[in-house]
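Colleague: only the shape, not the letters, is given here:
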């Protein structure tokens, strides 16, 4: 019992001379910590007689309450004391820390999503680990097509499906076309899919992982005019009113007819020359941007849609390519280097 009273007197003397919050917190641990003096007293209760334990427990709890109250009062005194080391003026402005920003690719994805949202397209997400069927067979690509070679596609060491074939890392976002048709069931369909794609390429214009966004529109009486109008709208919204787009005949297995999309060169602004000399970037005033076309009837059939009633268009853009054209970047790999000096420029 005497130890309890002695401990309280000792604490009052020590706390009286404290000058900082740090010292107060130190003494609080000494007395009230898990291995502190108060707990040490409570542990000694086992050495007392049965009739003494109750009174001793009450006294220790009262001591603990008193010490907590004294600490609270002292803390308020130290906070208000202007010459203490822990004093701070809460009215002063805080430290200015550098602000981060979204990565160029994240910014591009958000911008693209907003542009297509305005004309009624919904954004969907489909698997990055895909089946051969959705990436190739359903897109009118036969078994011997070069894109299905392991020099072009990353195959996964997993059990093969009798219905869908081998498992792969999705080489393009076009696998979403049939999946979306099957999901919706009956047109109209207005959808964009933005996702990562994987191909075993690595140079100044290719990375093994890259981003694409796919746009798909299926309805009655959809034609090339609708396709060209949508592309023109996107190019002007994304790059600016001074940019133009053109369709150039090409071949893709999953569209018929098919086109390459060219865009006004951002370096020479479509002139094909700078100061009387041929533009080194485009050489003609146009830069290749993406692939597009009218959805092949076989693809519509794979999506359970009657090609005699419905038509559609689709196009796919590489997001990194959009950034390269917009920023005049000469090496796509810098987007993934994580170099803070480069990222600060944007």
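Modeller: Alright, I've got the coordinates. Computed from a prediction, not measured in an experiment: that's the story for all the values here. Residues are numbered from 1 along each chain as shown.

Colleague: isn't residue 152 up against residue 171?
Modeller: Yes: contact criterion CB atoms under 8 Å: residue 152 and residue 171 qualify, at 6.9 Å. C-beta: built from backbone N, CA, C; applies to glycine.

Colleague: more neighbours: those two, which one.
Modeller: Neighbours were tallied for residue 152 and for residue 171 using other CB atoms under 10 Å; the higher tally belongs to residue 171 (20 against 13).

Colleague: so the residue minimising distance to the centre of the chain is in which element?
Modeller: For the chain, the residue nearest the mean C-alpha position is residue 106 (6.5 Å; CA atoms, centre = their mean). According to DSSP states H and E, residue 106 maps onto helix 104-117.

Colleague: residues contacting that helix, please?
Modeller: Contact with helix 104-117 is made by 101-102, 123, 192, 194, 211, 213, 215, 233-234, 237-238, 319-320, 322-323, 327, 335, 343, 346, as judged by CB atoms under 8 Å, 6 or more residues apart in numbering.

Colleague: repeat for stretch 20-32
Modeller: 7, 11, 14-15, 18, 36-38, 64, 67-68, 71, 74-75, 78-79, 84-86.

Colleague: buried set for that stretch?
Modeller: Using 16 or more other CB atoms under 10 Å as the test for burial, stretch 20-32 gives 21, 23, 24, 27, 28, 31.

Colleague: which parts of the stretch 51-200 of the chain are strands?
Modeller: Counting by DSSP state E, counting those that start in this stretch, one finds strands in the stretch 51-200 of the chain at the ranges 122-124, 129-131, 167-169, 189-198.

Colleague: which outside residues touch the first one?
Modeller: Around strand 122-124, the neighbours that count as contacts under CB under 8 Å, 6+ apart are 113, 116, 117, 176, 180, 190, 191, 192, 193, 194.

Colleague: ok now that strand, how far from the chain's centre?
Modeller: Distance of strand 122-124 from the chain centroid (CA atoms, centre = their mean, to the nearest Å) equals 16 Å.

Colleague: that strand pairs with which strands?
Modeller: Strand 122-124 has the following strand partners under DSSP bridges: strand 189-198 (parallel).
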